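S.K.: Here is a sequence together with a model predicted from it:
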Amino acid sequence: MDKIVITGGSRLKGEVRVSGAKNAALPILASAILSGGTSTYRNVPKLNDIRTMSKLLSLLGASVEPDKTGHQLAVSTSGIRNFHAPYELVKTMRASVLVLGPLVARHGQAIVSLPGGCAIGARPIDQHLKGLEAMGAKITLDKGNVIARARRLQGASIVCDLPTVTGTENLMMAAALAKGRSTIENAAREPEIEELARVINKMGGRVQGAGTSVITIEGVDELHPIDHAILPDRIEAGTFMVAAALTRGDVLVRDCLPEHLEAVIAKLRAAGAEVVPEAGGLRVRGRADILGVDITTQPHPGFPTDMQAQFMVLASVARGQSVITETIFENRYMHVQELARMGADIHVDGRTAVIRGVKKLTGTKVMATDLRASASLVLAGLVAAGTTEVLRVYHLDRGYEQIEKKLSKLGANVKRARDD
Ligand code: EPU
């Protein structure tokens, strides 16, 4: 297995280009099921989660052909004859559940293994199922699988109990081919949802209101294949922005969309960093004095849970005390014990973490059980004294494309090595 080895102490300088957004690409790849023919997706990030989604689509009977660069995928869905997303894939990646809505909508049936709990929380999919049922799907549970059937989905009024990102995406895709009008109230408002709506509309669908909490979808009889470039990854961008602030660096984060990063920018500024929009991206300059910040994670446009672990590292070396409250996932503090091993002073009580800034972190071997936690450990390694080894890099490879190469280009002392 690989590990990332970091020798701390370098100030990051230069430019880094943000890759395509994982959490936009995953539902978009699933949306290919809604049409026959071949869709082409560009700026697709080369990540393990994308490989898992490609594998799932292939298993269903689609063909997924990467170009030479691997960043462009041609997805042909005409051959889909299988409707089963098996446990082996769903357990590796919960976002596999995104094929549920499109399969029922276009093929009238889907069997998707029920994702179990995961490292960051229980993560049920009851809202996905409730919405599909409201559209007339018959849902049964059998041997750990969700079985959904419908002759043709019917438009419905759905009120989600809470805003769910993949839930809203699944229901939007299902409603796109349903008969009549659907409304999704209390919908999630993440930029990835707006992006999926753009994609469905490009395919000939009629979705309005994405990005607000009420989405209206007029179902159509047919959707057609498209050519689409995936928008930049706001969480990867945010992670590099924190890296710049943390190392007192000066980095231009290229190709990111500032309008998707407002909550992150506000907290970076509160922590004392300078964040300036420039042609082509956002420049982040770190100051010697990092200030403690209080953060509560919220659905978009609030502060994203996917940036919580990275900000905890910033808080760990800040002046004063920070209070971080995680409201989205009940168990998303798996990085805390690892950061504590590096010398961070963090006290967790339920969903709240109190962080007292320390003068320095010290490198050691650390490992994490989820993607963003792994990223936070890499960030900690950038400022820790000595060498940090981040183990179980496969978590990182799910969501960051060549993070070690991008950080090295900015002057960090980072390399990938075998962990024997
Ligand atoms: N929830 C329910 N019932 C449901 C659906 C969700 O109770 O039917 C709860 C969840 O347990 C959680 C909350 O609602 O407490 C929000 O979960 P959501 O469904 O919004 O999360 P998700 O769709 O499973 C996506 C991202 C996550 C990101 C969250 C929150 C993708 C593929 N994944 O997950 O990304 O943390 O939204 O923004 O889009 C990551 O990239 O590292 C990652 C975990």
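M.R.: That came through, no problem.

S.K.: pretty sure residue 239 is touching residue 307, no?
M.R.: Yes - assessed by Cβ atoms under 8 Å, residue 239 is found in contact with residue 307 at 7.5 Å. For every residue, glycine as well, the C-beta is placed using N, CA and C.

S.K.: Common neighbours of the two, please.
M.R.: Common neighbours of residue 239 and residue 307, counting by Cβ atoms under 8 Å, 6 or more residues apart in numbering, are absent.

S.K.: got the buried residues for stretch 399-416?
M.R.: 399-401, 403-404, 406-407, 409-410, 412, 414, 416 (16 or more other Cβ atoms under 10 Å).

S.K.: brain fart, stretch 270-277
M.R.: So stretch 270-277, judged by 16+ other Cβ under 10 Å, has buried residues 271-273, 275.

S.K.: Show me which residues of the stretch 51-200 of the chain sit near the ligand.
M.R.: 94-95, 121-128, 162, 164-167, 188 (Cβ under 6 Å from any ligand atom).

S.K.: Just the ones of those residues in helices?
M.R.: Among these, the members found in helices (DSSP state H) are 126-128, 165-167.

S.K.: Show the contacting residues for the closest residue in space to residue 125 that isn't next to it in sequence.
M.R.: Nearest residue to residue 125, sequence neighbours excluded (Cβ to Cβ, 6 or more residues apart in numbering): residue 97, at 5.7 Å. By Cβ under 8 Å, 6+ apart, the contact set of residue 97 is 85, 90, 112, 115, 125, 128, 166, 170.

S.K.: Distance-wise, check the fourth one relative to residue 92.
M.R.: If I follow you right, that is residue 115. For residue 115, the distance to residue 92 equals 10 Å [Cβ to Cβ, to the nearest Å].

S.K.: For those two, indicate the residue with more neighbours.
M.R.: residue 115 (21 against 16; other Cβ atoms under 10 Å).

S.K.: In three-state terms, label the more buried one for me.
M.R.: coil (DSSP: H, G, I helix; E, B strand; the rest coil).

S.K.: what's around residue 91, how many residues?
M.R.: Neighbours around residue 91, by other Cβ under 10 Å: 13.

S.K.: since we're on the residue in the stretch 251-400 of the chain that the ligand sits nearest to, how many residues are nearby?
M.R.: Here the residue of the stretch 251-400 of the chain nearest the ligand is residue 371; by Cβ to the nearest ligand atom that distance is 4.3 Å. For residue 371, the neighbour count with other Cβ under 10 Å is 24.

S.K.: Name all residues that make contact with it.
M.R.: Residue 371 sits in contact with 395-396, 398-400, where contact means Cβ under 8 Å, 6+ apart.

S.K.: Next, give phi and psi for the closest residue to it other than its chain neighbours.
M.R.: Leaving out its chain neighbours, the residue that sits closest to residue 371 by Cβ to Cβ, 6+ apart is residue 399, at 4.5 Å. Per-residue torsions, residue 399: phi -140, psi 0 (degrees, to the nearest 10).

S.K.: now the helices: where do they sit in the stretch 251-400 of the chain?
M.R.: 262-270, 308-316, 334-341, 371-383, 394-397 (DSSP state H, counting those that start in this stretch).

S.K.: Which of those helices comes out lowest on mean pLDDT?
M.R.: Note on the helices of the stretch 251-400 of the chain: helix 394-397 shows the lowest mean pLDDT, a mean of 92.

S.K.: After that helix, which helix or strand is next?
M.R.: Per DSSP states H and E, helix 394-397 leads on to helix 403-409 as the next helix or strand towards the C-terminus.

S.K.: Does the residue nearest to residue 371 touch residue 46 like I think?
M.R.: No - look at residue 399 against residue 46 with Cβ under 8 Å: they stay out of range, at 11.4 Å.

S.K.: Residue 294: how many residues sit nearby?
M.R.: Residue 294 has 14 nearby residues by other Cβ under 10 Å.

S.K.: where are the low-confidence patches of this protein?
M.R.: 116-118 (pLDDT under 70).

S.K.: Now do the spatially most distant residue from the centre of it against the ligand, distance only.
M.R.: No residue in the chain sits farther from the centre than residue 151, which is 32.6 Å out by Cα atoms, centre = their mean. Distance, residue 151 to the ligand, by Cβ to the nearest ligand atom, to the nearest Å: 24 Å.
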